[in-house]
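Enquirer: Fold the following and give me the result.
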Amino acid sequence: MNRRNFIGKTAVGAAAVTVIPRHVLGGNGFVAANDRINLGFIGNGKQSYTLLNSIGACKETVTVAASDVFKSKLETFVDAANKNNANKDIDAKVQAYHYYRELLERSDIDAVVVATPDHWHAQIVVDAVKAGKDIYCEKPMALTIAEGRAMVNATRKYDRVFQTGNMQRSWRDFRHAVELVRNGYIGDIKEINVSVGEPVKQCDLPTEDVPEGLDWNEWVGPSLYRGYNKILAPTDAHKDPWGWWRGYRNFGGGLITDWGAHMFDIAQWALDMDESGPTQLIPPSLPAQTHGLTMVYENGVRVNHKLWGNEEDNNGVQFIGTEGRIEVSRSFLRTFPNKKLAKAELKATDKRVYFSDNHYQDWVDAMKKRSKPISDVETGQRTASVCNIINIAYEMQRPLLWNPEEEKFVGDDFANRMVARPYRGKWDYKNF
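Expert: Below you'll find the model as predicted:
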């Protein structure tokens, strides 16, 4: 697609939708009886089916378009989305697009669900908000700090509603743990241990033949080019393992950003740091270590990337206070020494956080009200930036000072070069 034509068309569309969104014509918070939120799904791999089922369960939504550069995945997803519509008694056929910008040209699409590999998030989101679309973007929100900030600024400029896929904020146990911490039920927090896997690493996979139907050049997109390998992009979204593009630099951020985007997010939330972050990073002293980094916040709280407890405690968060301990994961919520705290009701006078018990309906409701959802774009950026600076500190192998207000390292020009990454060819996420 001609870039100039795309920008011209989407600028007009953005202006129209910004003034009066189609799905709120009936008034603030009102959805007309025969009106729905039309969705386009960009990226049709394994995660897209979880989102199709979850977002598709919201009565207001209908999927009308999908885009992927892997033909077989696109066709399989379109079939599934058509069945989802039929199960909701919606007479709508899903249109398939190889190039996502063609999908964005459609004025009848209200919002897009971005479920691509991480290296595509920033470019797609910037293009989508310019086209007047609201956004659901999978976590981690951004591959780099600079990309995340551009996503925030573009979302604010075009007045879009943005939900990041940090859905643990809509789970009872995580919310309860956060409220217990914030209300001092275990005293003053001194330390937080986050148990997730290893940092990102350079990609050393051999080049293989590109499978039929995959546009590999478009899959690589804005990242520096390298050859295809099935570990990066498996051919079957249902039968194959998760694509391990997430483990390699220029495509993902390792388990630090994959699971860390969930677990460091809960630490950020509990510390009331959704618009800030740590100020110091201390990596382990020995090279090639994959755990042992410590972050220090301005209030003195230390957040450690470490494997605490047993194997069942992996992908969990441990809060250590002056009067007790809270441990939470997707499998448990444990409190010590008072074990009853895990199921206790908070007092009427206690401080409460944003309540959501359905991450996807929360996004839909925010679109209808034109409000911020539970994991707004700024929240997503702050969590992603924590994960990204952790990766940088592991690679630099020296202590770093971080200014969360300016989102820059203090007195370290080389580290600041890693806040962004080079883009290749026609792509430019900064152009909004």
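Enquirer: Identify the nearest residue to R175 in space, disregarding sequence-adjacent positions?
Expert: V353 (6.3 Å; C-beta to C-beta, 6 or more residues apart in numbering). For the C-beta atoms, the positions are set from N, CA and C on the backbone; glycine is no exception.
Enquirer: same deal with A393?
Expert: Closest residue to A393 apart from its sequence neighbours, by C-beta to C-beta, 6+ apart: L281 at 4.1 Å.
Enquirer: Can you report how many residues neighbour that neighbour?
Expert: Residue neighbour count, defined by other C-beta atoms under 10 Å, stands at 25 for L281.
Enquirer: beta partners for it?
Expert: M295, L400 (DSSP bridges).
Enquirer: My guess is it contacts I390. True?
Expert: Yes. Counting by C-beta atoms under 8 Å, I390 is a contact partner of L281 at 6.9 Å.
Enquirer: Can you pull the residues that touch both of these two?
Expert: Listed as contacting both L281 and I390 by C-beta atoms under 8 Å, 6 or more residues apart in numbering are 293, 295.
Enquirer: which ones are touching A415?
Expert: 392, 396, 400, 409.
Enquirer: Kindly recompute the last result at 10 Å.
Expert: A415 makes contacts with 281, 389, 392-393, 395-396, 398, 400-402, 408-409, as judged by C-beta atoms under 10 Å, 6 or more residues apart in numbering.
Enquirer: any idea how far D412 is from the closest residue to F414 other than its chain neighbours?
Expert: Distance criterion C-beta to C-beta, 6+ apart; nearest residue to F414, sequence neighbours excluded, is M396 at 7.6 Å. M396 sits 8 Å away from D412, going by C-beta to C-beta, to the nearest Å.
Enquirer: which residues do the two both contact?
Expert: M418.
Enquirer: SS state for the closest residue to W427 other than its chain neighbours?
Expert: Closest residue in space to W427, ignoring its immediate chain neighbours: P222 at 3.7 Å, by C-beta to C-beta, 6+ apart. The assignment at P222 comes out as coil when based on DSSP: H, G, I helix; E, B strand; the rest coil.
Enquirer: Now do the phi/psi pair for P222.
Expert: Dihedral pair for P222: phi -80, psi -10, per degrees, to the nearest 10.
Enquirer: from what I can see it touches D127, true?
Expert: No. Assessed by C-beta atoms under 10 Å, P222 is found out of contact with D127, at 11.4 Å.
Enquirer: show me what contacts the nearest residue to A366 once chain neighbours are set aside?
Expert: Leaving out its chain neighbours, the residue that sits closest to A366 by C-beta to C-beta, 6+ apart is P373, at 3.9 Å. P373 is in contact with 134, 136, 161-164, 169-170, 354, 356, 359-367, 379, counting by C-beta under 10 Å, 6+ apart.
Enquirer: quick one, strands of the stretch 1-150 of the chain?
Expert: 37-42, 61-67, 95-97, 111-114, 134-137 (DSSP state E, counting those that start in this stretch).
Enquirer: Next, format those strands as a markdown table and append distance to I326 and mean neighbour count.
Expert: Listed next are the strands of the stretch 1-150 of the chain as a markdown table, based on distance: least, C-beta to C-beta, whole Å; neighbours: other C-beta atoms under 10 Å:
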| stretch | distance to I326 | mean neighbour count |
| --- | --- | --- |
| strand 37-42 | 37 | 26 |
| strand 61-67 | 35 | 25 |
| strand 95-97 | 46 | 17 |
| strand 111-114 | 33 | 26 |
| strand 134-137 | 29 | 28 |
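Enquirer: Can you tell me which of these is nearest to G213?
Expert: Nearest to G213, of all the strands of the stretch 1-150 of the chain, is strand 95-97, at 12.4 Å by C-beta to C-beta.
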